[in-house]
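coords below, sequence missing:
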């Protein structure tokens, strides 16, 4: 793996981890703004915040620990599903475009981190 690709991987992965951890903390703390957005605007039950917050924290641990390539694939897939679900949820209720920025940014860095991951972090490393 080239030095350039390693730098891209780590920048994207750190952004992804920080984004997921920060939003997970907000969701687990059930801050008023998050509860109102989730319950009132999107129509999800409040306990959904706990589930998503825990999934995000576990996913961050999975992508940062060495080895465990299958677990990493599941974490990346989970991040993709969470963020694409957030995008479609905001679109479905007619939210403003600014509400799409966070999940769209996180889905992009998820893809970049996944694409540039090291060979030992892949299920089938390149030969």
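Cool, got the structure. Being a predicted model, the structure only gives us computed values, none of them experimental.

how about the helices in the protein?
Along the chain, the segments classed as helices by DSSP state H run 3-29, 32-35, 47-64, 69-92, 98-115.

if I average pLDDT within each of those, which one is lowest?
Note on the helices of the chain: helix 32-35 shows the lowest mean pLDDT, a mean of 86.

which residues does it contact?
In this structure, residues lying in contact with helix 32-35 by C-beta atoms under 8 Å, 6 or more residues apart in numbering are 26-27, 46, 49. The C-beta positions use only the backbone N, C-alpha and C, and glycine is treated the same way.

on that earlier part again, now tabulate the helices of the chain in a markdown table and tack on mean neighbour count.
Rendered in a markdown table, the data for the helices of the chain read as follows (neighbours: other C-beta atoms under 10 Å):
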| stretch | mean neighbour count |
| --- | --- |
| helix 3-29 | 16 |
| helix 32-35 | 12 |
| helix 47-64 | 17 |
| helix 69-92 | 17 |
| helix 98-115 | 17 |
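
now those as JSON lines including distance to residue 41?
Shown next, in JSON lines, are the helices of the chain (distance: least, C-beta to C-beta, whole Å):
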{"stretch": "helix 3-29", "distance to residue 41": "15"}
{"stretch": "helix 32-35", "distance to residue 41": "10"}
{"stretch": "helix 47-64", "distance to residue 41": "13"}
{"stretch": "helix 69-92", "distance to residue 41": "8"}
{"stretch": "helix 98-115", "distance to residue 41": "9"}
